[in-house]
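K.L.:
give me the fold of what follows.
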Amino acid sequence: MIVIQGSVRISPDKMDQVREAARAMIAATRAEDGCIAYTFAEDVLEPGLIHIIERWRDQAAITAHGKTPHMAAFGAALAAIKPHGLKVCAYDAAEERVLMGG
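P.N.:
Numbering: from 1, shown residues only. Model prediction:
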């Protein structure tokens, strides 16, 4: 499994635009083969900071995701919003352990 974690900072007044662009992309991505989890979340303490959390079966699924029309459309929408910062990292995960809940 590959875990992707990242963040993007945008002007808080542009959150509605991000939500609109993200809804379609997230729904389409969650239906992709190899997508285990795909979530965006706005930080509770920092308006305009969006956390990106993804889990994928393998690199081939991530590569295919990067070539989808919905990813291209979201990338164009995000570029138009002009984020202040974007950083996304991938981590290889050998196993998953539940730390709380079930």
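
K.L.:
stretch 58-67: which residues count as buried?
P.N.:
Buried residues in stretch 58-67, counting neighbours by 16 or more other Cβ atoms under 10 Å, are found at 61, 62, 65. Where C-beta positions appear, they are placed from N, C-alpha and C, glycine not excepted.

K.L.:
restricting to C-alpha, output that stretch in CSV.
P.N.:
Extracted C-alpha coordinates of stretch 58-67, given in CSV (Å, rounded to 0.1, in the frame of the first residue of the first chain):
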residue,chain,number,x,y,z
ASP,A,58,0.2,0.3,-5.6
GLN,A,59,2.1,2.7,-7.8
ALA,A,60,0.3,1.6,-11.0
ALA,A,61,-3.0,2.8,-9.5
ILE,A,62,-1.4,6.2,-8.6
THR,A,63,0.1,6.6,-12.1
ALA,A,64,-3.3,5.8,-13.7
HIS,A,65,-5.0,8.3,-11.4
GLY,A,66,-2.6,11.0,-12.5
LYS,A,67,-3.7,10.5,-16.1
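
K.L.:
run through who's touching stretch 92-102.
P.N.:
Under the contact criterion Cβ atoms under 8 Å, 6 or more residues apart in numbering, stretch 92-102 has outside partners 1, 2, 3, 55.

K.L.:
filter those residues to the buried ones?
P.N.:
With burial judged by 16+ other Cβ under 10 Å, the buried subset of those is 2, 3, 55.

K.L.:
now these as a markdown table including pLDDT, secondary structure and distance to residue 34?
P.N.:
Shown next, in a markdown table, are those (pLDDT from 0 to 100; DSSP: H, G, I helix; E, B strand; the rest coil; distance: Cβ to Cβ, whole Å):
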| residue | pLDDT | secondary structure | distance to residue 34 |
| --- | --- | --- | --- |
| 2 | 97 | strand | 9 |
| 3 | 97 | strand | 13 |
| 55 | 97 | strand | 10 |
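
K.L.:
and which of the buried residues of stretch 58-67 is nearest residue 27?
P.N.:
The closest of the buried residues of stretch 58-67 to residue 27 turns out to be residue 65 (Cβ to Cβ; 13.4 Å).
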